[in-house]
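Peer 1: prediction below, plus the sequence it came from.
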Amino acid sequence: MRKSIIAKDSENEFRHGSRNWLLHARYVRGEHALCLELADDLQKKSDNTHRYAHFIKGLVYSDAGRHQDALERFHSCIRLQPQDPEPLKQVAKSLSCQGRYQLSLEAYLEADKLTKYPDSDIYCALAECAWNLGQLERGVEWARSAVQAGGGERASAVLARLLLAVGDLRGASAAYDQAIATHACGADTLAAAGALRLRAGDPRQAFQLLGAALAQQPAQHAAALALAAMMLQHRDLDAALARLKGALSAHPTCVAAHTNLGLALLAKKKYVAALTCLQRAVWSAPLSARAAHNLGLALLLCRRPASAFCRLATAAALQPHQPYTVLLIGIALERLGDARADAAYARAAALEPGNALVRLNRAGRLARAGNIAQAVEEARATAELLQRDEKPDAQLASSLDTLLALLREAGLNASDLPDTLPLAKVATANEVEDEELTADEV
């Protein structure tokens, strides 16, 4: 890019001893103060018409975050030679850094008109601007053009992100596969591809990609977090703890890492450390309903229903249609002896009538409150929901059997009770995932 501008300088400038090479060398070496001093000297000698000095000063200002000053330098380059697309590309980049994506997109389009050949950098930048503007379909088109123009790993990664945003999981996976097969991809691309494989239900391939990302960059927190989520699902708590600590060392404010670490410690019954981690997650993201929900769950397990109710109420205010949060609120209110617990259980059942866990908890609450008739109806609905599942939850089936046995002991007629599920048809407890300890989404 900068070589092209050197080549386009006037022959007269080279005849008298061009110092563009020194300007370029100082910029590349990071000697920005000397670079600006030399650029000012060249501008004085050329009556402020030294185009490459303007260009290098713009790059230095852009690297320093002084994007408005950089824009002025690049505009000076454009005035001196309007047909050169390189300063226009830098103008568009500075506008994008300022968050002015529409103007940036228009500048990139003007630069594309000036280029003689397809420029993958321009197409990638156009796709990213379209992403920020919410124009996902146009972004996909430009990303495909960038891939065809030889954009390499960056173009394939941008295309995969855009396809994932429009819901084309298969296309996004194919884009990542093409990038990995044809280029030496970095840790970020490998981590994103591994997370997508994990989401698509291919844990073996996901494990390989995430392991490759960590082998290339041990501090890649996204890969470490995804691997930890896999290990949590397989109940390998010690390995998950090691991965989560690595993720936190690279990204100390990562909310998901703090949350998953807290849940792993909770599973190991290290309650004080778990509460500390989950509280840090809430401090890092006070508007995260998931973080507040998980902290409320931990407080309930630690038999602190009043504190749990405060956290769960916050989570419900942020995400009012989450049935598990409302269910936990009902449990907390019941432990506090509050009569509003019945309304919370009813609200949770109304939010998701087809959830056997919610209906079973409501049946237990109604039975404890002495409302036996409604408890039997809820138990019957729970039995029907479990019978519909191909692989019913063994723990739910066992809890339902316990509830029915207690109702029989209370003197209820056996004909009024639903049939119990035969446990031989239910998956074993080792095959059932614990919903309360499922890892956060990556």
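Peer 2: Perfect, thanks for sending it. Values in this document were obtained by computation on a predicted structure and should not be read as measured data.

Peer 1: measure stretch 343-358 end to end?
Peer 2: Terminal residues of stretch 343-358 are spaced 13 Å apart (C-alpha to C-alpha, to the nearest Å).

Peer 1: show me the shaky parts of this protein.
Peer 2: Scanning the chain for pLDDT under 70 picks out the ranges 1-17, 410-442.

Peer 1: change it to 50
Peer 2: Scanning the chain for pLDDT under 50 picks out the ranges 1-16, 420-442.

Peer 1: quick check: buried residues in stretch 200-208?
Peer 2: Buried residues in stretch 200-208, defined by neighbour count with 16 or more other C-beta atoms under 10 Å: 205-207. The way it works is simple: take the backbone N, C-alpha and C, and place the C-beta from them, glycine included.

Peer 1: chain center to it: distance?
Peer 2: Centroid displacement of stretch 200-208 relative to its chain, using C-alpha atoms, centre = their mean, to the nearest Å, is 18 Å.

Peer 1: contact partners of it?
Peer 2: Defining contact as C-beta atoms under 8 Å, 6 or more residues apart in numbering, one finds that stretch 200-208 is touched by 169, 173, 194-195, 197-198, 226-227, 230.

Peer 1: for those residues, which two are the farthest from each other?
Peer 2: Spanning the widest gap among the contacts of stretch 200-208 are L169 and L227, at 20.6 Å by C-beta to C-beta.

Peer 1: quick one on the thing from earlier: can I get the buried part of the contacts of stretch 200-208 as one PyMOL selection?
Peer 2: If you want just the buried ones from the contacts of stretch 200-208 in PyMOL, going by 16+ other C-beta under 10 Å, the selection is:
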select buried, resi 173+194+195+197+198+226+227+230
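
Peer 1: including secondary structure and distance to D188, could the contacts of stretch 200-208 go into CSV?
Peer 2: Below are these laid out as CSV (DSSP: H, G, I helix; E, B strand; the rest coil; distance: C-beta to C-beta, whole Å):
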residue, secondary structure, distance to D188
L169, helix, 19
S173, helix, 17
G194, helix, 11
A195, helix, 11
R197, helix, 15
L198, helix, 16
A226, helix, 12
L227, helix, 15
M230, helix, 19
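
Peer 1: any chance of the contacts of stretch 200-208 in TSV with distance to H54 as columns?
Peer 2: Putting the contacts of stretch 200-208 into TSV (distance: C-beta to C-beta, whole Å) gives the following:
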residue	distance to H54
L169	46
S173	45
G194	44
A195	43
R197	47
L198	48
A226	45
L227	48
M230	52
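
Peer 1: out of the contacts of stretch 200-208, which is nearest to G246?
Peer 2: L227 (9.3 Å).

Peer 1: that closest one contacts L209, correct?
Peer 2: No - assessed by C-beta atoms under 8 Å, L227 is found out of contact with L209, at 10.1 Å.

Peer 1: about what we covered before: and the buried residues of stretch 200-208, which is closest to T314?
Peer 2: For the buried residues of stretch 200-208, the closest approach to T314 (C-beta to C-beta) belongs to A206, at 33.1 Å.

Peer 1: roughly how far apart are the closest one and L162?
Peer 2: 21 Å (C-beta to C-beta, to the nearest Å).

Peer 1: now L80
Peer 2: To L162, L80 is 36 Å away according to C-beta to C-beta.

Peer 1: these two: who's more crowded?
Peer 2: L162 (27 against 16; other C-beta atoms under 10 Å).

Peer 1: packing partners for the strand or helix carrying the more buried one?
Peer 2: L162 is part of helix 152-165 when elements are defined by DSSP states H and E. When contacts are defined as 3 or more C-beta pairs under 8 Å, 6 or more residues apart in numbering; DSSP states H and E, helix 152-165 sits against helix 120-133, helix 136-148, helix 169-182, helix 187-199.

Peer 1: any chance of the ones you listed in TSV, plus distance to Q98?
Peer 2: As requested, the helices and strands packed on helix 152-165 are exported to TSV (distance: least, C-beta to C-beta, whole Å):
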stretch	distance to Q98
helix 120-133	12
helix 136-148	20
helix 169-182	29
helix 187-199	24
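
Peer 1: L36 is nearest to which of these?
Peer 2: helix 120-133 (25.7 Å).

Peer 1: show me what the closest one is packed against.
Peer 2: Judged by 3+ C-beta pairs under 8 Å, 6+ apart, helix 120-133 is in contact with helix 85-97, helix 101-114, helix 136-148, helix 152-165.

Peer 1: now the angle from that helix to helix 101-114?
Peer 2: 160 degrees (axes from the mean of the first three to the mean of the last three C-alpha atoms, to 10 degrees).
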